[in-house]
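Enquirer: Sequence and computational prediction follow.
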Amino acid sequence: MRHNYSFDLLIILLILLFIVGYLVAAIKHKKKPWPKFRSILWITGFVCILVSVIGPIAKLSHHLFVFHMIMHLLLGMLAPFFIALSRPITLLLTSLKTQHARRVTRILRSAPVGLLTHPITTMLLNIGGLWVLYTSTVFNLIHESTFLLNLVHIHLFFSGFLFTTSIIAIEPFPHKFSFLFRSSIMIIALAGHDILSKLLFSNPLDSFGFDDVQLGAVLMYYGGDLVDLLLITVLCYFWYKSANSNKTRAFI
């Protein structure tokens, strides 16, 4: 696949634009000072995106499945995790003028957004998308078409971001679900991810060597579980925090 350096430059400029835009909004935050650790999380997330689509990992992912899986973990799991925790939607709403913030809020309350951010929908987009990618001809086609490859990259990130956002539910979406329901969806997603990694371990892929695929599948299993453990920890933290808050209000 021919390398497009102008496309790499465009990606770098877009990433810098998003990072600078967030930092400017954080510095100019109207209310209390915006926590610095959220800015660090935002930058870390975009660094994960950068190293996954540009550089050695991206080049080797076309030849070695284990590097493809490193790209998958960075772009589809770690980057969405860090960026979701940085609360970009909250920062956007609190940075906009009142009339503009109300327009964005109306969009967030709309039925299409409610459907798109429903935990079941995000799980199907995220885990279901991976099953389609690795159990169909799509995986072979992305190594022949730059357009399709970029489309899959976009899907990996946004499906991962929507899933993470719907599970931790710390952004001001009006469509929120109970911790028990979100935990159940998380368990189903974790099972789907692990079963797929075991399937890859047992079945060869046409584009890569069998030993290479097995190594990538092991990385998918344990690396995915590690990121999922981070997500579960965050979910449990907010569940504990919410339970204590409710107890305090009841006592008062």
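Expert: All right, it came through fine.

Enquirer: right, and residue 125 touches residue 159 too?
Expert: Yes: using CB atoms under 8 Å, residue 125 is in contact with residue 159, at 4.2 Å. C-beta coordinates here come from the backbone N, C-alpha and C atoms, glycine included.

Enquirer: The two: who's more crowded?
Expert: When neighbours are counted by other CB atoms under 10 Å, residue 159 comes out ahead of the other of residue 125 and residue 159, with 22 against 18.

Enquirer: helices or strands next to the longest helix anywhere in the chain in the packing?
Expert: Identified as the longest helix of the chain according to DSSP state H is helix 210-251. Judged by 3 or more CB pairs under 8 Å, 6 or more residues apart in numbering; DSSP states H and E, helix 210-251 is in contact with helix 65-73, helix 79-85, helix 146-168, helix 179-202.

Enquirer: Could I get the ones you listed in JSON lines, plus columns for mean pLDDT and distance to residue 99?
Expert: Converted to JSON lines, these look like this (pLDDT from 0 to 100; distance: least, CB to CB, whole Å):
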{"stretch": "helix 65-73", "mean pLDDT": "95", "distance to residue 99": "41"}
{"stretch": "helix 79-85", "mean pLDDT": "97", "distance to residue 99": "27"}
{"stretch": "helix 146-168", "mean pLDDT": "94", "distance to residue 99": "25"}
{"stretch": "helix 179-202", "mean pLDDT": "95", "distance to residue 99": "33"}
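
Enquirer: Compare those and give me the one nearest residue 26.
Expert: helix 79-85 (13.8 Å; CB to CB).

Enquirer: Now do that closest one: distance to the chain's middle.
Expert: 6 Å (CA atoms, centre = their mean, to the nearest Å).

Enquirer: just the angle between the longest helix of the chain and helix 65-73, please?
Expert: Angle, helix 210-251 to helix 65-73, by axes from the mean of the first three to the mean of the last three CA atoms, to 10 degrees: 20 degrees.

Enquirer: quick check: angle from helix 210-251 to helix 179-202?
Expert: 170 degrees.

Enquirer: quick check: mean pLDDT across helix 210-251?
Expert: Here helix 210-251 scores 86 as its mean pLDDT.

Enquirer: likewise stretch 34-48?
Expert: 96.

Enquirer: Flag every buried residue along that stretch.
Expert: 34, 38-39, 41-48 (16 or more other CB atoms under 10 Å).

Enquirer: what about the closest residue to residue 201 other than its chain neighbours, distance to residue 199?
Expert: Distance criterion CB to CB, 6 or more residues apart in numbering; nearest residue to residue 201, sequence neighbours excluded, is residue 217 at 3.8 Å. Relative to residue 199, residue 217 is positioned 8 Å away (CB to CB, to the nearest Å).

Enquirer: of these two, who's got more company?
Expert: Set side by side, residue 217 and residue 199 show more neighbours around residue 217, with 23 against 13, by other CB under 10 Å.

Enquirer: Help me confirm that the more buried one comes into contact with residue 200.
Expert: Yes: look at residue 217 against residue 200 with CB under 8 Å: they come within range, at 4.0 Å.

Enquirer: Please enumerate the shared neighbours of these two.
Expert: The contact sets of residue 217 and residue 200 do not overlap (CB atoms under 8 Å, 6 or more residues apart in numbering).

Enquirer: From one end of stretch 50-60 to the other, what's the distance?
Expert: 15 Å (CA to CA, to the nearest Å).

Enquirer: re earlier: so how far is the longest helix of the chain off the chain centroid?
Expert: The answer for helix 210-251 is 13 Å, by CA atoms, centre = their mean.

Enquirer: just the angle between that helix and helix 146-168, please?
Expert: Going by the same axes, to 10 degrees, helix 210-251 makes 30 degrees with helix 146-168.

Enquirer: export stretch 74-83 as CSV, just CAs?
Expert: The C-alpha coordinates for stretch 74-83 follow below in CSV (Å, rounded to 0.1, in the frame of the first residue of the first chain):
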residue,chain,number,x,y,z
LEU,A,74,-4.4,2.2,21.1
LEU,A,75,-6.9,3.6,18.6
GLY,A,76,-10.0,1.6,19.6
MET,A,77,-9.6,1.3,23.4
LEU,A,78,-7.0,3.4,25.1
ALA,A,79,-7.5,6.6,23.1
PRO,A,80,-11.3,6.6,23.7
PHE,A,81,-10.8,5.8,27.4
PHE,A,82,-8.5,8.8,28.0
ILE,A,83,-10.5,11.2,25.8
